[in-house]
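Peer 1: Any chance you can model this:
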Amino acid sequence: QGERTMRITAIKNRFDESYDDNKSGGYRDLSLNVEVGWTIKDGAVFFENVQDWNALECQHHICEIQVHLRSAHQELIGATGLHQRYVELRNKYNV
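Peer 2: Model prediction:
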């Protein structure tokens, strides 16, 4: 099976045709929330396997990974202001 150093805690698929993009100002992406567990040994950070988290008393953090289409990302970082609008809507409606 291999090693797993993160666990998916949430998925928002804003590419799905059933997603109401009015909630996000037309913005679409795939957002994954993943939990990571780590320990610190001799000043270095080690990401630990999920199955070992309890035994190692790991610290935890949830990160967001966003998957974009290249064309949408170029709009996002461009001068359109789309990302700022998305942030405002996301914060207002918790989408």
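
Peer 1: Please report the number of neighbouring residues for Q51.
Peer 2: Q51: 10 surrounding residues under other C-beta atoms under 10 Å. For every residue, glycine as well, the C-beta is placed using N, CA and C.

Peer 1: all helices of this structure, in order?
Peer 2: 53-56, 70-77, 82-93 (DSSP state H).

Peer 1: Which of those helices comes out lowest on mean pLDDT?
Peer 2: Of all those, the segment with the smallest mean pLDDT is helix 70-77, scoring a mean of 67.

Peer 1: Mind listing what's buried along stretch 17-36?
Peer 2: Applying a neighbour-count criterion of 16 or more other C-beta atoms under 10 Å, the buried positions in stretch 17-36 are 24-25, 27, 29, 32, 34, 36.

Peer 1: ignore the last one, stretch 42-60
Peer 2: Of the residues in stretch 42-60, those buried by neighbour count under the rule 16+ other C-beta under 10 Å are 48, 50, 53, 58.

Peer 1: Give me the residues contacting that stretch.
Peer 2: 3-7, 35-40 (C-beta atoms under 8 Å, 6 or more residues apart in numbering).

Peer 1: For PyMOL, what selects the buried ones among the residues you listed?
Peer 2: Selection command for PyMOL covering only the buried members of the contacts of stretch 42-60, criterion 16+ other C-beta under 10 Å:
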select buried, resi 6+36+37+38
